[in-house]
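[1] Sequence unavailable; structure follows:
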């Protein structure tokens, strides 16, 4: 037979179990929230580039390039320091809206000036605009093909590293292109 103490214990046991379960769940949630702040990467402000807006980024190994309204900036230390690399770029002509990298070739799409190529990590740039309208908003690379999104003129393609360009707008109903993505080879 059960005495009064045993009956009271049986009545309260489920409540104690629920409180224990609640405490365990609460503890797990707190631990997960705390660890998520430690485990997941956090954004950190770097030392520039200052003085303008950043419109594009591209990376190649340890090299980080930022396209701004003041030209192209280059960092080799994850953004701790930045150097302008604008020799040959018409910086006053427009924003560096797009950057793309294929091997040693860095392409900069500049609004108002077209596409420029650097083969030496941005130390010097050469215009590659034969047949290309000048308001470049986007660049995409696919193998040896370079695609340029020209705001108001659609998409242009170069198959010879920018020596010549031709429009590839067949079926394109809106020619105000501000971004491009390519899939596959």
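    All right, it came through fine. Bear in mind the structure is a predicted one, so any value in this text is a computation, not a measurement. Residues are numbered from 1 along each chain as shown.

[2] Now do the helices in this protein.
    4-39 (DSSP state H).

[3] Could you report the pLDDT at the spatially most central residue of it?
    Central residue of the chain (C-alpha atoms, centre = their mean): residue 57, 5.9 Å from the mean position. Note on residue 57: pLDDT of 92.

[4] Chain neighbours aside, what residue packs nearest to it?
    Residue nearest to residue 57 in three dimensions, not counting chain neighbours: residue 66, with 5.7 Å by C-beta to C-beta, 6 or more residues apart in numbering. C-beta here means a position set from N, CA and C on the backbone, and glycine is covered the same way.

[5] Please report how far that neighbour lies from residue 142.
    Distance from residue 66 to residue 142, counting by C-beta to C-beta, to the nearest Å: 23 Å.

[6] Low-confidence stretches in the protein?
    Where the chain drops to pLDDT under 70, the residues are 1-28, 30-44, 50-51, 185.

[7] what are the ranges of the strands in the protein?
    54-60, 63-68, 71-75, 83-84, 96-102, 105-110, 114-118, 126-127, 136-142, 145-150, 154-158, 166-167 (DSSP state E).

[8] Are there helices or strands packed against the fourth one, and which ones?
    Read it as strand 83-84. Packed against strand 83-84 by the contact rule (3 or more C-beta pairs under 8 Å, 6 or more residues apart in numbering; DSSP states H and E) you find strand 71-75.
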